[in-house]
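Q: Task: produce atomic coordinates for the following.
(2 chains)
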There are 2 protein chains.
Amino acid sequence: MEAHEKGFFTEENSVEVVTGRNRNAKNERLKQVMEVITRKMHEAVKEIEPTQDEWLQAILFLTRTGQICNEWRQEFILLSDVLGVSMLVDAINNRKPSGASQSTVLGPFHVDGAPELEMGANICLDQKGEDMFISGRILDTEGQPIENAVIDVWQANDEGFYDVQQQGVQPEFNLRGVFRTGADGRYWFRAVKPKYYPIPDDGPVGQLLGQLGRHPYRPAHLHYIIKAKGFEPLVTHIFDPDDPYISSDAVFGVKESLLAKFKRTNDPSRAKEYGFQGAFWDIEHDFVLAAK
Amino acid sequence: MEAHEKGFFTEENSVEVVTGRNRNAKNERLKQVMEVITRKMHEAVKEIEPTQDEWLQAILFLTRTGQICNEWRQEFILLSDVLGVSMLVDAINNRKPSGASQSTVLGPFHVDGAPELEMGANICLDQKGEDMFISGRILDTEGQPIENAVIDVWQANDEGFYDVQQQGVQPEFNLRGVFRTGADGRYWFRAVKPKYYPIPDDGPVGQLLGQLGRHPYRPAHLHYIIKAKGFEPLVTHIFDPDDPYISSDAVFGVKESLLAKFKRTNDPSRAKEYGFQGAFWDIEHDFVLAAK
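A: From the prediction side, this is the model:
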C-alpha cells in the first residue's frame, strides 16, 4: 500500500499528481501548456473555495457559452474579449519596436474581398451620417514613407452597425475599402463618423457583464489592416477620444497611441473639393510599420 | 488625454484594468470569484505566451466541449474531473474531522429510487460475475455504532458497465440497493466483483487525454452514499487495491483510506450460507460518519 501512497490525490499535492500524469504527452508544448493551466486552475479553486453549487454554476455557464456558438456567433471569443484575454494575447504577440504603431484586436467584422479603391474615394455608399475625411502617412521606424503599402479599412456606420450586420439595409461593402500608397506613403479617403456599439449581449457573456455591472459598448473606431513588403502586418484601430465609452471599451481594445483627433472642420473650399455639403470631421493619423 | 491614461489596458496592468470594471457588480461573491479567475487566467496567459493560433485552438476546444453536452452527457464535468478540479472541490467541501471516513466524487451513474432491500440481499440480479460478500459497520467518530443509517450502494458489473449504460442487457436496478442498519450499525450484502471501466473518451476530453498520453480508466470500485440523522452525509467509494489502474484513476478519486481489502476466500460453509457455488471475494469495510 505504501508504494501507491505517493500517487494519490490530496488537496496539498493536487497539482503535482494531475500534471504528473502527462509525462508521456505526445507534444511537449501541450504538456507545458497543460501544466500551467492545471496549476493556475487549482490555485484559483484553492483561493475561491467554491461550494459544490458554485462549481456546478460554473460548469453550466461554460456549457451555455459553448452551446450558443454557431457559424456566425463565437461566444467563447467574446468571453475571452470581455475578460481581457484576447487583448493580452494580442499584446504578447505584437510587442513592437520603439516607434512602431501599436496593434489591437481584429474583431469579428473583417470581410475578405473588399474592393481596392482610388485614393480619396468615399467608402460610405449610402450617404448616411456625418461626413469625415481621413488622411495620413504609412512610415517606417526611420520616418521614411512606405510605397505600395496596402491599407484595408472598415468601420461601423453612424448607427453603430457594420454592413454585414444589416444586409439588405446597407449596401454590400458599405464603409469598407482597400487603398494602396504611392511613393509619398500618403493615404486619404472619405467616410462618415462611426458610432459606438454594443457587443452581442443577449447570451451568457452579456448576462455575466450585467451581473458584473458592466456595459457592453465599444467606443467608436475605424479598423485598419496595413501590409507592406518587408514589414510586419499591422492590425489596429483608431478611436475617437471624445466617445462616451473611450475609457471603458467592453473588450479593452483602446490604447493611448490609437487615439486619433476627430477635428470638426468648417472649411468651404475643402468641403467643396471633397463633395461635402458643409462642416465635416477631419482626421489625420500616421501609422509606423515595424520591419520584418 | 492624461485623464484617460490610467484606464487603458496594457500587458502590465491587465488584471487591475479588467477587474476594476467590476466595481458595480450586483453580487459581492461573484465579484470576488471573477477577480480570482481573471487574475489566474492572466497569469496563465503571461506564463504560456500562447500564439494567436494556440489561443484559437483553446477557444475551439472549449466550444466543442460545450457543443457535445446534452441531456445525458456533461463534457465540462468530465473536463473538470480529468483535471482534478472536481476532486479538489470535493476535498474543499468535505474536510472531515479526524477519524471520519473520507469522501470522493459522486460520479454520473447514481440513480434515485433504487429498492430498499433486506440486509444480506444479493444486488446482482443476473448471476454474471464473481461472487462477492461485503460487510462492515457504520460508526460515529467515538467508535459507537449508528442505528438507522441508510446505505445507498451501486457499482459496475464484471464487464465495467452500470445497468443504466446497458438498458435491455442488464436488469433494471442491477447492482444497486439501499440498506438500513440495526442497533449494531452493521451492514452486509452480496454482489459481484466490479471491473475497471473507461470514462466516455470519444469526445474532446478523450482526445485531450490521448494527446497527453493518459488512459481513460477508473479502477474498480463500489459507490456508497451513507446518511444518518445527526451526521453529515458521506458520498464515497471503496476501491480494489489490486486493480491495474489503482494508482492512475483518470478522475483522481482514489484515496489511501478508501482502499478495501478484496480477499479471495474459499470457505465452503460460508459459501453455502450465502448461496455461492465456490470461492468468493470477501470485503470488510467500516465507515465513520462525522456528526453535524
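Q: Contacts only, for the closest residue to chain B within the stretch 1-150 of chain A.
A: Closest approach between the stretch 1-150 of chain A and chain B, counting by CB to the nearest CB: A:G66, at 1.2 Å. The way it works is simple: take the backbone N, C-alpha and C, and place the C-beta from them, glycine included. Residues near A:G66 by CB atoms under 8 Å, 6 or more residues apart in numbering or on different chains: A:E75, A:F76, B:L62, B:T63, B:R64, B:T65, B:G66, B:Q67, B:C69, B:F76.
Q: The third one contacts A:R64, doesn't it?
A: No: in this structure B:L62 lies outside contact range of A:R64 using CB atoms under 8 Å: 12.0 Å.
Q: Between these two, which has more neighbouring residues?
A: B:L62 (22 against 16; other CB atoms under 10 Å in any protein chain shown).
Q: residue ranges with poor pLDDT in the stretch 1-150 of chain A?
A: A:1-6 (pLDDT under 70).
Q: any idea which strand is longest in chain A?
A: Taking DSSP state E as the criterion, chain A has its longest strand at strand A:131-140.
Q: and the residue of the stretch 101-250 of chain A nearest chain B?
A: Residue nearest to chain B within the stretch 101-250 of chain A: A:G213 (3.1 Å; CB to the nearest CB).
Q: Now do the closest residue to that residue other than its chain neighbours: how many residues are near it, please.
A: Using CB to CB, 6 or more residues apart in numbering or on different chains and skipping residues adjacent in sequence, the residue nearest A:G213 is B:N24, 3.1 Å away. Number of residues near B:N24 (other CB under 10 Å) recorded here: 10.
Q: For B:N24, give me its contacts.
A: A:L212, A:G213, A:R214.
Q: Just the buried residues of those.
A: Using 16 or more other CB atoms under 10 Å in any protein chain shown as the burial test, these include A:L212, A:R214 as buried.
Q: Redo the contacts of B:N24 as a markdown table? Include secondary structure and pLDDT.
A: Shown next, in a markdown table, are the contacts of B:N24 (DSSP: H, G, I helix; E, B strand; the rest coil; pLDDT from 0 to 100):
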| residue | secondary structure | pLDDT |
| --- | --- | --- |
| A:L212 | coil | 98 |
| A:G213 | coil | 98 |
| A:R214 | coil | 98 |
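Q: List just the nearest of the contacts of B:N24 to A:P145.
A: Nearest to A:P145 out of the contacts of B:N24 is A:R214 (CB to CB; 41.9 Å).
Q: Can you get me a residue count around A:Q155?
A: 27.
Q: Test my guess that it contacts A:Y224.
A: No: here A:Q155 does not reach A:Y224: they are 9.7 Å apart, not a contact under CB under 8 Å.
Q: ok, A:E11 to A:G136 distance?
A: According to CB to CB, to the nearest Å, A:E11 and A:G136 sit 58 Å apart.
Q: Phi, psi for the residue of the stretch 1-150 of chain A closest to chain B please.
A: Phi and psi for A:G66, reported as degrees, to the nearest 10, are phi -70, psi -40.
Q: do A:K227 as well
A: phi -130, psi 140.
Q: what's the distance between it and A:T236?
A: 12 Å.
Q: Other residues contacting the longest strand of chain A?
A: Contacts of strand A:131-140 (CB under 8 Å, 6+ apart): A:145-146, A:149, A:151, A:181, A:184-193, A:222, A:226, A:228, A:231, A:262, A:265, A:270-271, A:274, A:276-277, A:280-289, A:291.
Q: Chain B contacts on the stretch 151-292 of chain A?
A: A:210-214, A:241, A:246-248, A:252-256, A:259 (CB under 8 Å from any CB of the partner chain).
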